[in-house]
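> next comes the sequence, and after it the predicted model I'd like to discuss.
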There are 2 protein chains.
Amino acid sequence: MPPTAPGPGILALDFGGTKLSAALTGGEAPVHWQALLRARSEAEARVNLQTMLDLAYRLLEGRHPAAIGVSFGGPVNFVAGRVICSHHVSGWEDVPLRDLLQSEFDAPVVVENDGNIAALGEWRFGAGQGCDSLLYVTVSTGVGGGWVLNGHIFRGADGLAGEIGHTVIQPDGPVCTCGKRGCVESLASGPYLARQARERLSQSPHSGRQLREMAHQEVATITAETVAQAAEAGDELARQVLGTAANALGRGIGAALALLNPRRVVVGGGVSKSGAFYWRCLRETVQGHVLPGVTVDILPAALGDDAPLWGAVALAEAELISSVDSDTKG
Amino acid sequence: MPPTAPGPGILALDFGGTKLSAALTGGEAPVHWQALLRARSEAEARVNLQTMLDLAYRLLEGRHPAAIGVSFGGPVNFVAGRVICSHHVSGWEDVPLRDLLQSEFDAPVVVENDGNIAALGEWRFGAGQGCDSLLYVTVSTGVGGGWVLNGHIFRGADGLAGEIGHTVIQPDGPVCTCGKRGCVESLASGPYLARQARERLSQSPHSGRQLREMAHQEVATITAETVAQAAEAGDELARQVLGTAANALGRGIGAALALLNPRRVVVGGGVSKSGAFYWRCLRETVQGHVLPGVTVDILPAALGDDAPLWGAVALAEAELISSVDSDTKG
């Protein structure tokens, strides 16, 4: 589907755990950002909401948005337009975000969680274009995702579809944030990668020379990014740690392929930028899980951290602009 | 959705690995069988096709079917109406079954694989009625399944969605028929259950008293059904074996819940009839995998071995009768 003009500008808002982003699209095809502003997310919902409103008013400069699409970093009741909670920011418990923004801007609003909306963003504007079934996976502090099936977000019965991070792939594995053992998230996330590397280095004082050098011998400062850089430079310990994480993610994706047989899998998030070695391990594991007769593309995300923002545009277009069009025409 | 009259009778055909079934529906609501015939499936495609045609002609008694729905026990190219192959019966490689039947009966035909079509059957007429997202799982010689999402079969990019039997839940587990290790099928199928019980009995000559009695001391004759009966009677070894299989299935279902968040899971096939102890183990494992905020019903299949046949009626109705209706009305 080629990008078409969504009419007047769509206001896209992304409430992330660590940053707030707001953008306004131009009214002409192809869809493009007219302006984009960012701010740091603070630990309190009220503060973040006020900051976001400030960003929006600065973008709008007195104009009226055609529609507003909102990505929220946490579970959302899509039908009711309510945020259920945030796992990073306090004060978001059961907030009627759609109604608040509708009153504020006198424009139609859709609110969706970041995994689902980023999937739609990649499908409409990014690495998922042109395919009829897409699994989007984001690997950073946590592991999340979303589905686009037959051109629509598939939310599941409770809006919790796409939680690939909480599929169990190793029943005796580490305890996950969700309480279960051996979830993909507990074995493939950025914090796991960093912790594994630090533990392995302290156990084996002579291993991981390049990794130690990159961390200036300060093992405690090692992040997932350091591990990825050392692995790309050929450090054996970093490769083992990174390979294990890629393997864990690949097994979760393998389960998703057996269950849903999507045409494409798009992987984003900070850890997905770990380089060629990471991607080789990931693709090898996935291919090892594919059933005869199945073909699947595993691609890096194209929109990076802006996938939720683009998804907010796509969702507002699909739910608000298109429906207004067809109401008018019908 | 209450059953509505599909107009003139629908001919439903089920090509199973071990039996052939054909049924004709009455033309009035609610949908009901006017007649049902069965025959044994032989090892050759040509023979089975001829037997099925004989069954169909006996049912039709010279009448003309409004539409024909076909379930096939093996992979199918739904769009092309072609059987890809059978894993049980030779000669089914790339057979244009839809066109063959269309020419034979001068009526519209749909052909679908048994996992997908049984899912639709349970959704339309059985334990899945009234829910918007359903995972159907069948556990017998193999472990298969299918999805109904938003009222339609979800086939996946290559028609291979629903292969829950080939999600890996124990990477160091037994080798599966698909070549991978520790698939659900390799740990939860009927043959696995029987083999596990026989091995455990030969290793521990004093265990499994009730199980041995039920098998008249002939350990080699033990089937999954014997294990289930002994487990229900309280035999400890049988309970361990059956519990392990239920646990394996529950973990596969747990992965499906995390990934798709369906409202309902319906479990059929011979092994699903293993009794209260089996179901308790299965439900406990599934509940242990459910994320906060998710509610799901796990129910036994209501249509038993006839789920594919009922699904064939539902699919013919949806794809052929409804579309004819809307063409006429439009």
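Sure thing, it's come through. Treat the numbers as computed from the prediction; the structure is a model and nothing was measured. Residues are numbered from 1 along each chain as shown, chains lettered A, B, ... in the order given.
> how about whatever helix or strand residue A:111 lives in as PDB, C-alpha atoms only?
Using DSSP states H and E, residue A:111 sits within strand A:109-113. C-alpha atoms of strand A:109-113 as PDB (Å, rounded to 0.1, in the frame of the first residue of the first chain):
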ATOM      1  CA  VAL A 109      -8.000  10.400  19.200                       C
ATOM      2  CA  VAL A 110      -6.900   6.700  19.200                       C
ATOM      3  CA  VAL A 111      -4.600   5.300  21.900                       C
ATOM      4  CA  GLU A 112      -2.700   2.000  21.500                       C
ATOM      5  CA  ASN A 113       0.200   0.300  23.300                       C
END
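> by proximity to chain B, which residue of the stretch 51-200 of chain A wins?
Nearest to chain B in the stretch 51-200 of chain A, going by CB to the nearest CB, is residue A:156, at a distance of 2.6 Å. In this view, the C-beta of every residue, glycine as well, is placed from N, C-alpha and C.
> next secondary structure after the strand holding residue A:111?
helix A:114-125.
> can I get the CA coordinates of that next one in PDB?
What follows is helix A:114-125, C-alpha atoms only, in PDB (Å, rounded to 0.1, in the frame of the first residue of the first chain):
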ATOM      1  CA  ASP A 114       3.700   0.700  21.900                       C
ATOM      2  CA  GLY A 115       4.200  -2.900  20.800                       C
ATOM      3  CA  ASN A 116       1.000  -3.000  18.700                       C
ATOM      4  CA  ILE A 117       1.400   0.400  17.300                       C
ATOM      5  CA  ALA A 118       5.100   0.000  16.400                       C
ATOM      6  CA  ALA A 119       4.100  -3.200  14.500                       C
ATOM      7  CA  LEU A 120       1.500  -1.100  12.500                       C
ATOM      8  CA  GLY A 121       4.100   1.600  11.900                       C
ATOM      9  CA  GLU A 122       6.700  -0.800  10.500                       C
ATOM     10  CA  TRP A 123       3.900  -2.500   8.400                       C
ATOM     11  CA  ARG A 124       2.600   0.800   6.900                       C
ATOM     12  CA  PHE A 125       5.800   2.800   6.600                       C
END
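> what about that helix, near chain B?
No: if you take CB under 8 Å from any CB of the partner chain as the test, helix A:114-125 misses chain B, and the best it gets is 11.1 Å.
> that older thread, ok, the residue of the stretch 51-200 of chain A closest to chain B touching residue B:264?
No: the criterion here is CB atoms under 8 Å, and residue A:156 misses it with residue B:264 at 11.7 Å.
> do a quick rundown of the helices in chain A.
Remark: helices assigned in chain A by DSSP state H are A:45-60, A:97-105, A:114-125, A:184-188, A:190-203, A:209-214, A:224-232, A:236-260, A:276-289, A:307-316, A:322-329.
> just put the ones you listed in JSON lines and tack on mean neighbour count.
JSON lines is the format used below for the helices of chain A (neighbours: other CB atoms under 10 Å in any protein chain shown):
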{"stretch": "helix A:45-60", "mean neighbour count": "17"}
{"stretch": "helix A:97-105", "mean neighbour count": "17"}
{"stretch": "helix A:114-125", "mean neighbour count": "30"}
{"stretch": "helix A:184-188", "mean neighbour count": "27"}
{"stretch": "helix A:190-203", "mean neighbour count": "19"}
{"stretch": "helix A:209-214", "mean neighbour count": "18"}
{"stretch": "helix A:224-232", "mean neighbour count": "23"}
{"stretch": "helix A:236-260", "mean neighbour count": "24"}
{"stretch": "helix A:276-289", "mean neighbour count": "18"}
{"stretch": "helix A:307-316", "mean neighbour count": "30"}
{"stretch": "helix A:322-329", "mean neighbour count": "10"}
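> let's have those helices in JSON lines, adding mean pLDDT.
Below are the helices of chain A laid out as JSON lines (pLDDT from 0 to 100):
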{"stretch": "helix A:45-60", "mean pLDDT": "96"}
{"stretch": "helix A:97-105", "mean pLDDT": "97"}
{"stretch": "helix A:114-125", "mean pLDDT": "97"}
{"stretch": "helix A:184-188", "mean pLDDT": "96"}
{"stretch": "helix A:190-203", "mean pLDDT": "95"}
{"stretch": "helix A:209-214", "mean pLDDT": "95"}
{"stretch": "helix A:224-232", "mean pLDDT": "97"}
{"stretch": "helix A:236-260", "mean pLDDT": "97"}
{"stretch": "helix A:276-289", "mean pLDDT": "97"}
{"stretch": "helix A:307-316", "mean pLDDT": "96"}
{"stretch": "helix A:322-329", "mean pLDDT": "50"}
